[in-house]
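Student: Any chance you can model this:
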Amino acid sequence: MVVWHADDTAKAVFGVDDYEMFVKVQSEAAVRHLASSFAYDEDESAGEHREPALLGSADIVAKALERKLQARLEQAGVVVEEARLTHLAYAPEIAQVMLRRQQAEAIISARSKIVHGAVSMVEMALKGLSERDIVHLDDERRAAMVSNLLVVLCSENDTQPVINTGTLYQ
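Tutor: I've put the predicted structure just below:
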């Protein structure tokens, strides 16, 4: 959305062929330039030092758009009173890719929490067994127990028990 007026009518009439079309073309070019200058969404991993983004920094983006438009439209005697983005969306082909990216990030975050929780539970189990003097495990048996517990705790599918009739040692 661009609110503008022709301040210098001589420039508007003689400086360009069709000042209304010139405003339209320059506005579109400014928006395209703006889209390449700002990220679509804020990077949440950046912490407090986030860069302004199209989606989350509307006032900053609007001011940048106004400055860019004013610089482009000055030769036509046009003054920009206000400019801002009213609708922001990915092109359909990009939206699908971004959705997959968001889903992948959510899966990674969930799996990270699952693994962190599983490691904590394994630590508690080993500590509890050791403190209560329930069983004494050498390094190899401890490693096997850790492996089995992590498989059970991190698996997306139900686990099936395996009854071991032998020993780990020959």
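Student: What are the structural domain limits within the chain?
Tutor: Structural domains annotated on the chain: 2-88, 93-154, as defined by automatic domain parsing.
Student: Can you redo those as a markdown table, where the extra columns are mean neighbour count, distance to V162 and mean pLDDT?
Tutor: For the C-beta atoms, the positions are set from N, CA and C on the backbone; glycine is no exception. What follows is the domains of the chain, written out as a markdown table (neighbours: other C-beta atoms under 10 Å; distance: least, C-beta to C-beta, whole Å; pLDDT from 0 to 100):
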| stretch | mean neighbour count | distance to V162 | mean pLDDT |
| --- | --- | --- | --- |
| domain 2-88 | 15 | 40 | 84 |
| domain 93-154 | 12 | 9 | 88 |
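Student: Output the ones you listed as TSV; include the columns distance to T165.
Tutor: What follows is the domains of the chain, written out as TSV (distance: least, C-beta to C-beta, whole Å):
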stretch	distance to T165
domain 2-88	49
domain 93-154	15
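Student: Give me the helices and strands touching the lengthiest helix in the chain, please.
Tutor: Using DSSP state H, we find that the single longest helix of the chain is helix 92-131. Helix 92-131 is packed against helix 139-154, with contacts defined by 3 or more C-beta pairs under 8 Å, 6 or more residues apart in numbering; DSSP states H and E.
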